[in-house]
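In: build me a model:
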Amino acid sequence: ELQAIKEEEEIKKRKIIEKSVNSILDLLERKKEELANKEMVLKELKLIHSNERKELEEEYISKQRVLEEKQNDETERIVLDKTKLRSELAQLETQLEDLMSRDTTCESSSSLPCPECPVCLEMLMPPLRIMQCSNGHLVCEECESK
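Out: Numbers count the residues shown, from 1 in each chain. Just a heads-up that it's a prediction; the model follows:
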């Protein structure tokens, strides 16, 4: 009888050990499946990341091209404006020279009256500087102190 009891206990121990081993094997299988699932998720995330990165790089390149085109357009516009302003300046300088080279006498009927300094009787024309005395008379710069 003692031996039968020992054998029964031995059988019970084996069953307990078998159950433990089976549960550990089941747990191991589940962990392997979890690991495989996580590896698949990681691969998918890497693929998504790669695609998003490519999209962002393409968007960056596209925006950079647009900005470069805008810069080139602005540069061209500025160069044209600069050329136009230089042309206008040259025209104005030519007009000024024409006006300056015309008859310098103020007596001509087509020009405006030209004041004269009451002290030295010189015509108050450029490049002379016109000053005003305390009584309001127009005088040349040289005669102002007299």
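
In: and the most centrally placed residue in the chain, how far is that from Glu74?
Out: For the chain, Leu67 is the residue whose C-alpha lies nearest the centre (CA atoms, centre = their mean; 8.4 Å). From Leu67 across to Glu74, the span is 10 Å (CB to CB, to the nearest Å). (Glycine included, C-beta is placed from N, CA and C.)

In: swap in Glu122?
Out: Distance of Glu122 to Glu74, given as CB to CB: 52 Å.

In: strands of this protein, residue ranges please.
Out: 130-132, 138-140 (DSSP state E).

In: how distant is the last one from the center of its chain?
Out: Which is strand 138-140. Mean C-alpha position of strand 138-140 versus that of the full chain (CA atoms, centre = their mean, to the nearest Å) differs by 55 Å.

In: mind listing the strands it pairs with, and their directions?
Out: strand 130-132 (antiparallel) (DSSP bridges).

In: now do the partner strand: distance to the chain's middle.
Out: With CA atoms, centre = their mean, you get 51 Å for strand 130-132.

In: next: stretch 4-14.
Out: That offset, for stretch 4-14, works out to 84 Å (CA atoms, centre = their mean).

In: and that stretch, which residues are buried?
Out: Within stretch 4-14, no residue qualifies as buried by neighbour count (16 or more other CB atoms under 10 Å).

In: circling back to that earlier point, ok, Glu122 and Glu74, which is more surrounded?
Out: Taking other CB atoms under 10 Å, Glu122 and Glu74 do not tie; Glu122 has more neighbours (13 against 10).

In: return the residues in contact with the more buried one.
Out: Residues in contact with Glu122, defined by CB atoms under 8 Å, 6 or more residues apart in numbering, are 116, 128, 140.
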